[in-house]
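>>> Fold the following and give me the result.
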Amino acid sequence: MNYFTLFGTYFIMWWVVFFIILPIKIVTHADQGVDVKGIHGSVPINPNLLYKILITTVLTLVLLLVLIAMFYFDIMSIDSILGVA
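This is a model prediction of the structure:
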């Protein structure tokens with residue numbers, strides 16, 4: 001894989017993992033019974049975005065390294081995915 005392909009794969013995987021991690025441990029205004037005028041009840045009180053971005057970055061890096069190792073050690077190849085070989 002070249003660097004552009006690795007970056008593109010990492011970028012797509014990062015967003016997928018981020019949207020999986022995002023709703024974990026969310027406490028909303030409706031859960032706490034807080035009623036603030038102009039704020040919907042499903043708005044998170046403290047979403048911890050920096051922590052979730054850090055976890056997403058590390059987890060995506062580990063997943064990408066596993067994917068690279070699978071291609072490097074020929075556990076998985078493009079030909080086997082397509083059913084050519």
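
>>> Roughly how far does the residue with the largest distance to the centre of the chain sit from His29?
For the chain, the largest distance from the centre (CA atoms, centre = their mean) belongs to Lys37, which lies 32.8 Å off. Distance, Lys37 to His29, using CB to CB, to the nearest Å: 11 Å. Every residue, glycine included, has its C-beta placed from N, CA and C.

>>> sorry, back to before: so the residue farthest from the centre of the chain: helix, strand or coil?
coil (DSSP: H, G, I helix; E, B strand; the rest coil).

>>> Please state the backbone phi and psi of it?
phi -70, psi 130 (degrees, to the nearest 10).

>>> How about the one 5 residues further on?
Backbone dihedrals for Ser42, given as degrees, to the nearest 10, come out at phi -90, psi 10.

>>> In contact with it, which residues?
28-30 (CB atoms under 8 Å, 6 or more residues apart in numbering).

>>> Thank you kindly, that will do.
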